[in-house]
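S.K.: For reference, the sequence and a predicted model appear below.
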Amino acid sequence: MNWTTDFLNQLIDVGISLDRRDAINRVSTTAVWQIEDKHWQQFAITALVENLRWVAGWAEQADEQFMVNACFEKNGVYVVLRTVINAVKPELPTQATVYPAANRSERHTQDMFGIKFMGHPDNRRWTRHQAWDKHQYPLRKDFPAQGSPVEITPPDMHYDFIKGHGAGVYEIPVGPVHAGIIEPGHFRFLAVGELILNLEERLGYVHKGIEKIAEGRTPESLARLAGRVSGDSTVAHCWAACMAMEQAADVIVPNRAAFIRGIVAERERIANHLGDMGAICNDVAFTFAQMQFTRLRERWLRTNATVFGHRLLMDVIVPAGVRCDVSPVACELLKQDIAWLKKELSEIIPSIDLNSSLEDRLYTAGYLSPEIAAAFGTVGYVGRASGQDFDVRRDAVYPPYNQFTFKVAVEDQGDIASRFWVRHKEIMASLKLISQFIEQLPEGDISTPWITPVIDSEGLGIVDGFRGEIISYVRFAAHNKIARFYPRDPSILNWPALEKLVLNNIVPDFPVCNKSLNGSYSGNDL
Amino acid sequence: MNWLIAILQTALFVALAPLLAGWLKRCKCHLQNRQSPPLLQPYRDLFKLFNKQPVVSEQASWLFIKAPYIIFSATVLAATVVPLIAVDLPTSASADVIVMVGFFAFARFFLALAGLDIGTAFGGMGSSREMTISSLAEPAMLMAVFTLTMTASTTNLSYAISHVLEQGLVLRPSFVFALFALILVAVAETGRIPVDNPTTHLELTMIHEAMILEYSGRHLALIEWASQLKLMLYGVLIANIFFPWGIAQTFSLHDLGYGLLAIIGKLAVLAVILGIAETLVAKMRLFKVQEYLGFAYLLGLLGMLSHIILEASR
C-alpha cells in the first residue's frame, strides 16, 4: 500500500540523496525528507511522475538559514520535503513550473521571506501589496510584528494584469470592494462580448499577519488565533492547529473529547453547506431556496449556541481536549435537531431537484475537468465534484473517524450542479456521522493535562474542514511558546481552479460559479 | 373638465406606482416565508432618497445629471397615453400606442447613455445588455399590440379598449396569443425574473441595475420611481386591453370611482401572479433571453395570423 518505499528508490535513481527523518513524531505518520536545495525541482519532477499531489509550502527562518518546506500526498500518506538554504542569498529552484498549485504559495514565501524562487513563471508580488517597501520581508525575524506602517497606504496601482489584444476584447475590473457582505478580492476579466476570455484573481486584501502574530504565543492562545484564520471554518482550523500542537507535545486527546470534536466539526460542515446551497440558488435569483436554507442554517446555529455556547462554535476545541462537555440533555437536543433537519431537507430538496429553470442554470455551467482538478490538487467539494475521490477523514484517518466508516460524496460532472449535490450528500453523511458520535459517545474526561513540548518539536495537523483538507504546521520554541505556525486553508488549492472553471462561461454566470467554489479570502490571505 | 380628469389620471398613475411595487414585494415575501416590509415602504424609500444629497462622479457629464429627469418625464408622458380608469380622455386620444413605445425607447436611450457616460465597466456592460434585450423586446411588443389594433382598426389605445368593450365577451384566439406575448415582453421590459433580477447585489449579473449603479439621492429616486411607473404601465396595459371591464366610459363620479376600484383590483391580482411566477423560476442565462423574446415575437405573430385567418373574415 505505502508508496514511499518505491518512491525512495526512484529518488536514488535520479540521484537525489536524502536525509530521512521518519515521522515528525510518532503519533502521525508524516515523514520529513530533507534534501539539498539543488534537488528541489528535480524532486518535484519525480514526484509528479509518481502522481504525488502538491499540498502545501511554507518557510521558516532559523538563525542565518531558511528552512523551506513542501508537503506532498499520495493515497492519504503525507510527506514533508525540507531543505535548508543560506539566508545571505536565499535562492531555490522553483517547483511552480512542475506543480501549478505551488505558484502562489511560492510567491507568498518570496514576499514574506525574500527567498527567490529561480525560474518562477510569475515574479509579481502576491500577498505583499504596496504597503510594504521593496526590501521589507514581514516574516523575517528582524521585522517587528507591528510593522512600520506609513500614514497613507499607497494604492496598489501597478499590478501587471494579463492584457488582452484584438478587436472587442475589453477588461472588467471587479472588486476588491463588492456589493454584498463578502470579503474583499479583486477579479480582472478579459471578455469578448459576454464570453470570458480570461480571469485573473488578485487576492491578499485581508492579510492579517496571522503567521507573524502567532510567533511566541502559548498553545491556548494559538488555538484561539487558528480559530480566526477563516471564520466559517473556525472549528476545523482550530482542530488542525490543536492536532499539530498535540503531536508536538505528545499529548493523546481523550476519546470523549475526540468525539465531541467530531460532533462540532460535522455541525460546522452542515451549517456551511446549508448556507452555500442557499447562496448558489440565490445567485441565479431563486430566492425561495435561499430563504429556506437560511432558515435551516439559522436554527442549526441557534442549537450550537444553546449546546456549545457559540453560534459558530468558536473556541470549543482547545489544546488537549474540548472546552465544554455534552450532557445527556444536550445529546437529546442534538438528536432532535438531526431528525428535524432530515425532515426539512426531505421536503425542500425535491422541490429544488425538480425545478427545471434552476437545472438549466446549474448543470454544465462552471465545468472543472477532473484533469485540471487534479493538476491543481483541488480538495473538498470542488475536487470531489470533479471526481477527486479524496477525504482526509477516510484516507488519512484521525480520531474519532477511525472508529467509523462513511461514504465519501463524489460526483463526476464537475459543474455547479455537481458541487451543489456533493454538498447535499455530505450533509446527509455528516448527519449520520453525528448520530453515530452521539450514540457511541464514550465516557471519560473531555481534556487531559498539557505537557510542555521540548524545544523544536514539530507537528502537522491534517483535518477535513467543510472546504476540504486543512494543513496546520506548528513548531515549538522553548518554554511552551510557538516558533512557527502555518495554516494552509483549502482555498489556497481551490482558488486557482476558479480561474479555469469560468473559461467558456459568460460574464453574468461568474457569480454563481464563484459561489459554487466559495473560496475563503481570509484563509488564503492569512 | 376632460383635461382635468386626464391630468388627474396621470397623477394617479404616478402616485399609485410605488404602492404596486410595495404590494408586489409583499406578495413575494409571503411566498418566500419572509417578513415583508410595510406596504408603504417604497414611498418612504423615495422620500428618503429625495432628501439625500446626490453624489456625482467627477467624470460625469451634464447628461448623467439630466438623464433622470428626462427618463422620469418620458415615462410619465407614456403614462398619459394609457387609459387607467377612463377611456376617451383627450390625452389618450391625442397619442397612440406607437407613441407610447416611442416614449419608452426615448427613456431607455437616455438611460443607456447615462450608463455609458460614467465610464465604469458595469455601466457600459448594463447598457449593452439593455440594448440587446430591448432590440428584441420592442418588435415583439409591437407585434402583440398590432394584433389588438387590427381587431379594433385603430392604433389608439382608448378607442381600441372601447371597441373591445362594445364587442362584449368574445373569445378571440388572437387575443390569447397577444396576451401571452405581451406578458412575456412586460417581464423583460420591466426587468423582472427570469430576465433580470431587480433585487440582486451581483453587479455582473445585472442589466437594469448595472446602468444605474452610480446614481444616488434624488437622481436615483427619480429612476426608481420611473421603473415603478413602467411596471404599473405594463400592468395596466395588460389589464385594460384584455380585461377592460370596469373601466369608466362616462365621466360620472360613480363610474370613475368604480373604474379606480376595478383597476386596483386587477393590478393586485396581476401582482400576485407575477409574485408567484418570480418565486417559482430562477433567472435564465443571459443568452436564453433571445430565445425567450423570440418566443414572445412568435406568439405575437401567431396572434396576428390567427386574427387574419379566423377573425378578420367575419
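M.R.: Ah, there it is. As the structure is a prediction and not an experimental result, all values here were calculated from the model.
S.K.: Let me see the ranges of the helices in the stretch 251-400 of chain A.
M.R.: Taking DSSP state H, counting those that start in this stretch, the helices of the stretch 251-400 of chain A run over residues A:255-283, A:287-308, A:328-353, A:356-362, A:370-375, A:380-385, A:392-395.
S.K.: Now these in CSV, please, with extra columns for mean neighbour count.
M.R.: Backbone N, C-alpha and C define where each C-beta goes, glycine included. Below are the helices of the stretch 251-400 of chain A laid out as CSV (neighbours: other CB atoms under 10 Å in any protein chain shown):
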stretch, mean neighbour count
helix A:255-283, 25
helix A:287-308, 19
helix A:328-353, 14
helix A:356-362, 19
helix A:370-375, 17
helix A:380-385, 29
helix A:392-395, 20
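S.K.: Now render those helices as a markdown table, adding distance to chain B.
M.R.: Shown next, in a markdown table, are those (distance: least, CB to the nearest CB, whole Å):
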| stretch | distance to chain B |
| --- | --- |
| helix A:255-283 | 6 |
| helix A:287-308 | 5 |
| helix A:328-353 | 10 |
| helix A:356-362 | 4 |
| helix A:370-375 | 23 |
| helix A:380-385 | 20 |
| helix A:392-395 | 33 |
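S.K.: what about the closest residue to chain A within the stretch 51-200 of chain B, neighbour count?
M.R.: Going by CB to the nearest CB, chain A is nearest to B:Asn197 of the stretch 51-200 of chain B, at 4.0 Å. The number of residues packed near B:Asn197 is 25, by other CB atoms under 10 Å in any protein chain shown.
S.K.: roughly how far is the helix or strand bottoming out on mean pLDDT in chain B from the heart of the chain?
M.R.: Ranking every helix and strand in chain B by mean pLDDT, DSSP states H and E puts helix B:90-94 at the bottom, with a mean of 79. How far helix B:90-94 lies from its chain's middle: 19 Å, per CA atoms, centre = their mean, to the nearest Å.
S.K.: picking that back up, the residue of the stretch 51-200 of chain B closest to chain A and B:His208 touch, don't they?
M.R.: No. If you go by CB atoms under 8 Å, B:Asn197 and B:His208 don't touch, sitting 9.4 Å apart.
S.K.: Flag every residue of chain A that's near chain B.
M.R.: Residues of chain A lying close to chain B (CB under 8 Å from any CB of the partner chain) are A:170-174, A:179-180, A:194, A:281, A:283-288, A:291-292, A:295, A:355, A:357-358, A:360-361, A:365, A:506-511.
S.K.: ok, A:Lys74 - how many residues close by?
M.R.: For A:Lys74, using other CB under 10 Å, the count is 18.
S.K.: can you pull the pLDDT of it?
M.R.: Looking at A:Lys74, its pLDDT stands at 90.
S.K.: neighbours around the closest residue to it other than its chain neighbours, how many?
M.R.: Distances taken as CB to CB, 6 or more residues apart in numbering or on different chains place A:Leu52 nearest to A:Lys74, at 4.8 Å, with adjacent residues excluded. A:Leu52 has 23 neighbouring residues, counting by other CB under 10 Å.
S.K.: Repeat that for A:Asp133.
M.R.: What A:Asp133 shows, counting by other CB under 10 Å, is a neighbour count of 10.
S.K.: Report the separation between the residue of chain A positioned farthest from its centre and chain B.
M.R.: Residue farthest from the centre of chain A, counting by CA atoms, centre = their mean, is A:Ala167 at 39.6 Å. A:Ala167 sits 15 Å away from chain B, taking CB to the nearest CB, to the nearest Å as the criterion.
S.K.: And the nearest residue to A:Arg124 once chain neighbours are set aside, which helix or strand is it part of?
M.R.: Distances taken as CB to CB, 6+ apart put A:Asp160 closest to A:Arg124, at 6.0 Å, once the chain neighbours are dropped. Element membership for A:Asp160 (DSSP states H and E) is empty, with no helix or strand holding it.
S.K.: what does chain B put close to chain A?
M.R.: Residues of chain B found near chain A (CB under 8 Å from any CB) are B:28, B:31-34, B:121-122, B:125, B:193-194, B:197, B:199-205, B:279-288.
S.K.: ok, of these, which come out buried?
M.R.: Neighbour counting by 16 or more other CB atoms under 10 Å in any protein chain shown classes B:28, B:31-32, B:121-122, B:125, B:193-194, B:197, B:200, B:202-205, B:279, B:281-286 among the residues of chain B next to chain A as buried.
S.K.: So which of the residues you listed belong to strands?
M.R.: When DSSP state E defines the strands, the subset of these inside them is empty.
S.K.: right, and B:Ala248 touches B:Asp88 too?
M.R.: No. Using CB under 8 Å, B:Ala248 is not in contact with B:Asp88, being 9.1 Å away.
S.K.: The two: which has the busier surroundings?
M.R.: B:Ala248 (25 against 17).
S.K.: low-scoring stretches of chain A, by residue?
M.R.: A:1, A:20-29 (pLDDT under 70).
S.K.: How is it divided into domains?
M.R.: Here the domain assignment for chain A is A:4-118, A:169-202, A:210-525, based on automatic domain parsing.
S.K.: Identify whichever of those lies nearest to B:Thr149.
M.R.: Among the domains of chain A, domain A:210-525 comes nearest to B:Thr149, with 33.2 Å by CB to CB.
S.K.: Just the terminal-to-terminal distance for the closest one.
M.R.: Using CA to CA, to the nearest Å, one end of domain A:210-525 lies 9 Å from the other.
S.K.: Kindly report the same for stretch B:300-311.
M.R.: 15 Å.
S.K.: I'd guessed A:Arg475 sits against A:Met245; true?
M.R.: No. If you go by CB under 8 Å, A:Arg475 and A:Met245 don't touch, sitting 10.0 Å apart.
S.K.: rewinding a little: now tell me what touches the least confident helix or strand of chain B from outside.
M.R.: B:2-3, B:6, B:9-10, B:80-83, B:156-159 (CB atoms under 8 Å, 6 or more residues apart in numbering or on different chains).
S.K.: Buried ones in it, by neighbour count?
M.R.: Applying 16+ other CB under 10 Å to helix B:90-94 flags B:Thr91, B:Ser92, B:Ala93 as buried.
S.K.: One more: stretch A:190-204?
M.R.: Using 16+ other CB under 10 Å as the test for burial, stretch A:190-204 gives A:Leu190, A:Ala191, A:Glu194, A:Ile196, A:Leu197, A:Asn198, A:Leu199, A:Glu201, A:Arg202, A:Leu203, A:Gly204.
S.K.: Just give me the closest of the residues you listed to A:Arg484.
M.R.: Using CB to CB, these come closest to A:Arg484 at A:Gly204, 20.6 Å.
S.K.: The closest one: what secondary structure?
M.R.: Assigned with DSSP: H, G, I helix; E, B strand; the rest coil, A:Gly204 falls in the coil class.
S.K.: A:Arg297 versus that one, what's the distance?
M.R.: 29 Å (CB to CB, to the nearest Å).
S.K.: who's in contact with B:Ser73?
M.R.: Shown in contact with B:Ser73 (CB under 8 Å, 6+ apart): no residues.
S.K.: before we move on, back to that, how about a markdown table for the buried residues of helix B:90-94, with distance to B:Val76 added?
M.R.: Formatted as a markdown table, the buried residues of helix B:90-94 follow (distance: CB to CB, whole Å):
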| residue | distance to B:Val76 |
| --- | --- |
| B:Thr91 | 11 |
| B:Ser92 | 14 |
| B:Ala93 | 18 |
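S.K.: which one among those gets closest to A:Ile349?
M.R.: B:Ser92 (51.4 Å).
S.K.: Could you find the closest non-adjacent residue to that closest one?
M.R.: Per CB to CB, 6+ apart, closest to B:Ser92 is B:Ser158, 3.8 Å.
S.K.: does the one you found count as helix, strand or coil?
M.R.: helix.
S.K.: Show me the two of the buried residues of stretch A:190-204 that sit farthest apart.
M.R.: Using CB to CB, the buried residues of stretch A:190-204 span at most 28.5 Å, a distance reached by A:Glu194 and A:Gly204.
S.K.: Now do stretch B:281-295, average pLDDT.
M.R.: Rounded mean pLDDT across stretch B:281-295 is 92.
S.K.: pLDDT at the residue of the stretch 51-200 of chain B closest to chain A, what is it?
M.R.: B:Asn197 is assigned a pLDDT of 89 by the prediction.
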